[in-house]
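A.B. asks: sequence-free structure coming up:
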């Protein structure tokens with residue numbers, strides 16, 4: 001008898017993303033966090049992480065269509081404070097991810 005499939009639980013989503021996202025996603029974020037980390041935080045431009053993912057072999061369209069930039073919850077689960085900020089209507093500045101070491 002084949003294994004039954006059940007709906008995913010909300011507390012399983014981050015683990016599933018971590019398991020199913022291509023390794024290039026986390027390699028790219030980790031590399032940029034390491035490069036930019038200073039005084040307890042790192043600010044990463046979305047364009048920079050997309051560019052690095054593409055250099056590592058991912059297709060830009062796929063990155064957006066498959067939601068591979070949606071990493072905030074996964075990194076929060078690993079202990080980071082993460083914020084994503086993008087320009088709103090009538091604003092023009094680069095979209096960024098901010099990773100902070102949590103305060104103790």
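C.D. replies: On my side now, so go ahead. The shown structure was predicted, so the numbers you read here are calculated from the model rather than taken from an experiment.

A.B. asks: helix, strand or coil for residue 82?
C.D. replies: strand (DSSP: H, G, I helix; E, B strand; the rest coil).

A.B. asks: and it, bridged to which residues?
C.D. replies: Legend: beta-bridge partners of residue 82 under DSSP bridges are residue 99.

A.B. asks: now do residue 42
C.D. replies: Beta bridges link residue 42 to residue 99, judged by DSSP bridges.

A.B. asks: contacts only, for it.
C.D. replies: Applying Cβ atoms under 8 Å, 6 or more residues apart in numbering, we find residue 42 in contact with 32-36, 98-99. C-beta coordinates here come from the backbone N, C-alpha and C atoms, glycine included.

A.B. asks: and with 10 Å instead?
C.D. replies: Counting by Cβ atoms under 10 Å, 6 or more residues apart in numbering, residue 42 makes contact with 29, 32-36, 80, 97-101.

A.B. asks: now residue 11
C.D. replies: Each residue near residue 11 by Cβ under 10 Å, 6+ apart is listed here: residue 77.

A.B. asks: quick one: it is in a helix?
C.D. replies: Yes: using three-state DSSP, the assignment for residue 11 is a helix.

A.B. asks: ok, it to residue 26 distance?
C.D. replies: 20 Å (Cβ to Cβ, to the nearest Å).

A.B. asks: got it, and residue 41?
C.D. replies: For residue 41, the distance to residue 26 equals 19 Å [Cβ to Cβ].

A.B. asks: with residue 65 instead?
C.D. replies: Distance, residue 65 to residue 26, by Cβ to Cβ: 18 Å.
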